[in-house]
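Asks: below are the sequence and a predicted model; questions follow.
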Amino acid sequence: MSFDTIIRPRRLRATAALRSMFREVHLSPADFIYPLFAVPGHGVKKAIPSLAGQFHLSPDMCAEVAAEVHALGVPAVILFGLPETKDATGSSGADPEGPVQAATRAIKKAVPDMVVITDVCLCEYTDHGHCGLIHNGKIDNDSTLPHLAAQALSHVQAGADMVAPSDMMDGRVAAIRATLDSEGFSDLPIMSYTVKYSGAFYGPFRDAAGSAPQFGDRRSYQMDPARRREAFTELDLDLAEGADVVMVKPAGPFLDIIREVRDRCDVPLAAYQVSGEFAMLMAASQAGLLDERAAALESLIGIKRAGADVIITYLAPKAARWLREG
Ligand code: PBG
């Protein structure tokens with residue numbers, strides 16, 4: 001018996017030209033935000049062991065790398081800082097001379113068009129490595145908020161184009177918004193790490209940023225991966241508090257959440273392909289198990305197809321080169 005169907009999806013898969021013509025999702029260097037790790041000093045460009053091809057960069061070298069990736073068509077960087085000193089409240093995070101603030105000034109001077117986004121969090125600046133202040137052995141929400149707002153303000157005063165709080169304290173978008181507004185920065189957008197799951201995929205970053213918690217874990221503030229609907233509570237809150245861009249993080253293991261958040265709001269959506277996702281791709285490629293370029297681009301297409309408008313990824317310069325080569 002023959003199956004005489006008139007609908008044959010293979011017709012449009014027959015040639016490269018047809019496949020290309022009907023593609024719905026397109027990746028471009030303009031989709032990417034590249035993370036940079038700023039350290040104190042001058043002329044420092046030191047390979048980060050846990051993140052292949054990534055570097056600890058002094059502010060002047062941040063500017064150099066920003067210029068390179070901007071020339072590849074990548075429009076934005078997100079800055080993380082490794083400060084000289086740490087204390088219980090993460091006060092070095094708001095130091096106008098801190099590495100993020102200095103790198104922001106250096107990048108904006110060298111490449112004025114580069115969009116400089118700064119990660120706002122305490123974990124890189126606290127001696128205990130948690131994203132909030134500790135009271136009675138617990139991470140305290142409300143006393144953390146003014147510290148986050150102070151850090152965000154110092155980034156903006158250094159020239160940041162956007163701030164991105166990643167701490168997952170309740171109410172931090174509103175607190176940062178109020179501080180920026182009262183200091184004359186009501187035009188400055190906030191990209192909120194709206195839906196940030198707790199889990200195993202941040203390890204290489206914490207090695208790179210020196211931000212691992214010194215006791216316990218982050219499960220009392222970051223989200224439980226087995227919860228889905230809570231993502232929409234976080235989304236509603238961040239929108240009500242004035243988030244201009246929302247984010248889902250990690251990306252690959254949470255593509256369903258990216259899609260649902262995309263369908264539930266109209267603001268731009270960022271997705272963060274985090275350090276563990278990147279490390280898996282790199283390790284499998286280096287072991288000869290995956291074709292690096294094909295697998296990396298497929299991972300990014302998947303995130304875009306799920307609904308992300310922009311992708312924070314350590315692959316940004318590589319992927320931008322591949323896309324330009326065609
Ligand atoms: C700071 C922060 C983290 C990441 C981004 N901002 C680490 C964490 O939450 O522990 C992770 C990024 C990555 O893994 O690539 N809170």
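Replies: That came through, no problem.

Asks: quick one: least confident helix or strand in the chain?
Replies: helix 203-209 (a mean of 95; mean pLDDT, DSSP states H and E).

Asks: how distant is it from the center of its chain?
Replies: Centroid displacement of helix 203-209 relative to its chain, using C-alpha atoms, centre = their mean, to the nearest Å, is 13 Å.

Asks: repeat that for stretch 119-139.
Replies: That offset, for stretch 119-139, works out to 19 Å (C-alpha atoms, centre = their mean).

Asks: in that stretch, what's buried?
Replies: Using 16 or more other C-beta atoms under 10 Å as the test for burial, stretch 119-139 gives 119-126, 128-134, 139. Yep, even glycine has a C-beta here, placed from its N, CA and C like the rest.

Asks: tell me the mean pLDDT for it?
Replies: Taken as a whole, stretch 119-139 has an average pLDDT of 97.

Asks: extract the C-alpha trace of it and format it as PDB.
Replies: Provided in PDB are the C-alpha atoms of stretch 119-139 (Å, rounded to 0.1, in the frame of the first residue of the first chain):
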ATOM      1  CA  ASP A 119      25.600  43.500  36.600                       C
ATOM      2  CA  VAL A 120      24.400  44.700  40.000                       C
ATOM      3  CA  CYS A 121      24.900  42.200  42.800                       C
ATOM      4  CA  LEU A 122      26.700  41.900  46.200                       C
ATOM      5  CA  CYS A 123      28.100  38.400  45.800                       C
ATOM      6  CA  GLU A 124      31.300  39.600  44.200                       C
ATOM      7  CA  TYR A 125      31.900  42.200  46.900                       C
ATOM      8  CA  THR A 126      30.800  40.400  50.100                       C
ATOM      9  CA  ASP A 127      33.300  38.400  52.200                       C
ATOM     10  CA  HIS A 128      30.600  35.700  52.600                       C
ATOM     11  CA  GLY A 129      29.900  35.500  48.900                       C
ATOM     12  CA  HIS A 130      26.100  35.900  49.300                       C
ATOM     13  CA  CYS A 131      24.000  38.200  47.200                       C
ATOM     14  CA  GLY A 132      22.500  39.900  50.200                       C
ATOM     15  CA  LEU A 133      23.300  41.000  53.700                       C
ATOM     16  CA  ILE A 134      23.400  38.400  56.500                       C
ATOM     17  CA  HIS A 135      21.200  38.800  59.600                       C
ATOM     18  CA  ASN A 136      21.100  35.900  62.100                       C
ATOM     19  CA  GLY A 137      22.600  33.500  59.600                       C
ATOM     20  CA  LYS A 138      20.000  34.300  57.000                       C
ATOM     21  CA  ILE A 139      20.100  36.400  53.800                       C
END
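
Asks: mind checking if it is in reach of the ligand?
Replies: Yes - against the ligand, stretch 119-139 shows contacts by C-beta under 6 Å from any ligand atom at D119, C121, C123, C131.

Asks: sitting in helices, which of these do you find?
Replies: Taking DSSP state H, every one of the residues of stretch 119-139 next to the ligand sits outside helices.

Asks: would you turn these into CSV with distance to E97?
Replies: Shown next, in CSV, are the residues of stretch 119-139 next to the ligand (distance: C-beta to C-beta, whole Å):
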residue, distance to E97
D119, 18
C121, 19
C123, 20
C131, 23
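
Asks: looking at the residues you listed, which is nearest L27?
Replies: Comparing these against L27 with C-beta to C-beta places D119 closest, at 23.6 Å.

Asks: buried set for the least confident helix or strand of the chain?
Replies: Quick answer for helix 203-209 (16+ other C-beta under 10 Å): P204, F205, R206, A208, A209.

Asks: could you show which parts of the stretch 1-150 of the chain are in contact with the ligand?
Replies: D119, C121, C123, C131.

Asks: would you confirm that the first one contacts G93?
Replies: So that's D119. No - in this structure D119 lies outside contact range of G93 using C-beta atoms under 8 Å: 10.1 Å.

Asks: mutual contacts of these two, please.
Replies: By C-beta atoms under 8 Å, 6 or more residues apart in numbering, D119 and G93 have these common neighbours: V100.

Asks: tell me the contacts of the closest residue to the ligand within the stretch 101-250 of the chain?
Replies: Ranked by C-beta to the nearest ligand atom, the top residue of the stretch 101-250 of the chain for proximity to the ligand is F205, at 3.2 Å. Applying C-beta under 8 Å, 6+ apart to F205 gives the contacts S50, L51, S211, V274, S275, G276.
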